[in-house]
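**Q** Return atomic coordinates for the entry below.
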Amino acid sequence: MTNSDKPQGLSKLRAIKRKSVVLSSEDLVSYEPLGAGGLPLLITPKADQLDLPVWAAQHRDALRAKLQAHGALLFRGFSSPSIETFSATVRSVSGEPLRYAERSSPRHAVDGNVYTSTDYPPEYPIFLHNEQSYNVSWCRVISFHCAQAPGGGGQTPLADTRRILARLDPALVERFASRRYLYQRNFGDGFGLSWQVAFQTESKAEVDAYCRANRIETEWKDGDRLRTRQVREAVHHHPDTGARVWFNHATFFHVTTLPPPVRDTLLAGFAEEDLPNHTYYGDGASIEPDVMAELQQAYLDEKVLFDWQAGDVLLVDNMLSSHGREPFSGPRRVLTAMSEPSGAARGPGGAVDAGASA
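**A** Numbers count the residues shown, from 1 in each chain. Take a look at the predicted model:
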């Protein structure tokens, strides 16, 4: 058979060239808003063995946009969940995990700058807050990994800081915007973290240097005790979206926000000025009880809950969403990593220390 005698159909088949097929992000995963305002956005794979760090790196820009829109992303059902996978996912989306500095919560390092989310007793809730908003420089993203789901409870509640702000009386918001708030801590009185743990040093000189660089007033008391005061903003604008947000620790560190057994024990044992943590208006005046009640209720009204599943990874825009912890029973292992410092801390005389991190 000559070439001219070959079937025409066979010649056409040989002429067809193989085309590559590019799958979009939506072809590989599903998206499902879970709570009010879409907080968090649940992302699950459609394909088996989808590697989360690799996929996240490939779709980083799209994920960042979704994080800013929703405030938190919950990844569930991806392959090979582990601490290493968690760390790699954080790096893919938000950069290198940061060291936990100027500590206020009991936690310990697990792997590098991956920590236990908290070592606070499981029977007590942890009120909603934004991680280290009391710092000059805070983490822009805080992430969580559920290595072991609790037997009951133990959720990490979320609340949209934009929606919290919208719930508050505008006059109250402007009062805090103009007066700011003051956070006072006392170390060495037998309750809470020691200054050595909080500042990760045994040197008073190093504590003083850190505090000068970060606009914190220090007062050394007898018996190796320390009191610090720092005035911070209560209302911020998100640096990327421009959204006005309620971003502060004024509610979280106020003694009335603590669980009643803890609050009552502290008030029975300490004068107000000696409490381990407490907040005031920025000029030092007490925050009125009705104001504190309004602030606390605004967080609770916006609280969104989801149950942890082993292997889950949660990425939270720290300025758009507050987080907390519900009481739990049985073993629970939730890890955390902070990333993407908000900006350089201030050194002596207001100079910028470009090497500082949250």
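**Q** Just give me the residue closest to the centre of the protein.
**A** Central residue of the chain (Cα atoms, centre = their mean): residue 142, 3.6 Å from the mean position.
**Q** Give me the pLDDT value at it.
**A** Per-residue pLDDT puts residue 142 at 97.
**Q** so which helix or strand takes in it?
**A** Taking DSSP states H and E as the definition, residue 142 sits inside strand 139-148.
**Q** so how far is that strand from its chain's centroid?
**A** Offset of strand 139-148 from its chain centre (Cα atoms, centre = their mean, to the nearest Å): 7 Å.
**Q** what does stretch 243-253 give?
**A** Taking mean C-alpha positions (Cα atoms, centre = their mean), stretch 243-253 and its chain are 13 Å apart.
**Q** Now do it: distance from first to last residue.
**A** Taking Cα to Cα, to the nearest Å, stretch 243-253 runs 24 Å from one end to the other.
**Q** hmm, back to that, what are the contacting residues of the next helix or strand after the strand holding residue 142?
**A** Going down the chain from strand 139-148, the next helix or strand is strand 152-153, by DSSP H and E. Applying Cβ atoms under 8 Å, 6 or more residues apart in numbering, the contact partners of strand 152-153 are 326, 327, 328, 329, 330. Yep, even glycine has a C-beta here, placed from its N, CA and C like the rest.
**Q** count of neighbours near the nearest residue to the fourth one once chain neighbours are set aside?
**A** Looking back up the chat, that one is residue 329. Using Cβ to Cβ, 6 or more residues apart in numbering and skipping residues adjacent in sequence, the residue nearest residue 329 is residue 152, 4.6 Å away. Residue 152 has 12 neighbouring residues, counting by other Cβ atoms under 10 Å.
**Q** Helix, strand, or coil at the residue lying closest to residue 302 once chain neighbours are set aside?
**A** Once flanking residues are discounted, residue 302 sits nearest to residue 159: 4.0 Å by Cβ to Cβ, 6+ apart. Of the three states, residue 159 takes strand under DSSP: H, G, I helix; E, B strand; the rest coil.
**Q** Ok, residue 262 next?
**A** Under three-state DSSP, residue 262 comes out as helix.
**Q** So the residue nearest to it when sequence neighbours are not counted: helix, strand or coil?
**A** Spatially, and ignoring its direct neighbours in sequence, residue 262 is nearest to residue 124 (6.6 Å; Cβ to Cβ, 6+ apart). Recorded secondary structure, residue 124: coil (three-state DSSP).
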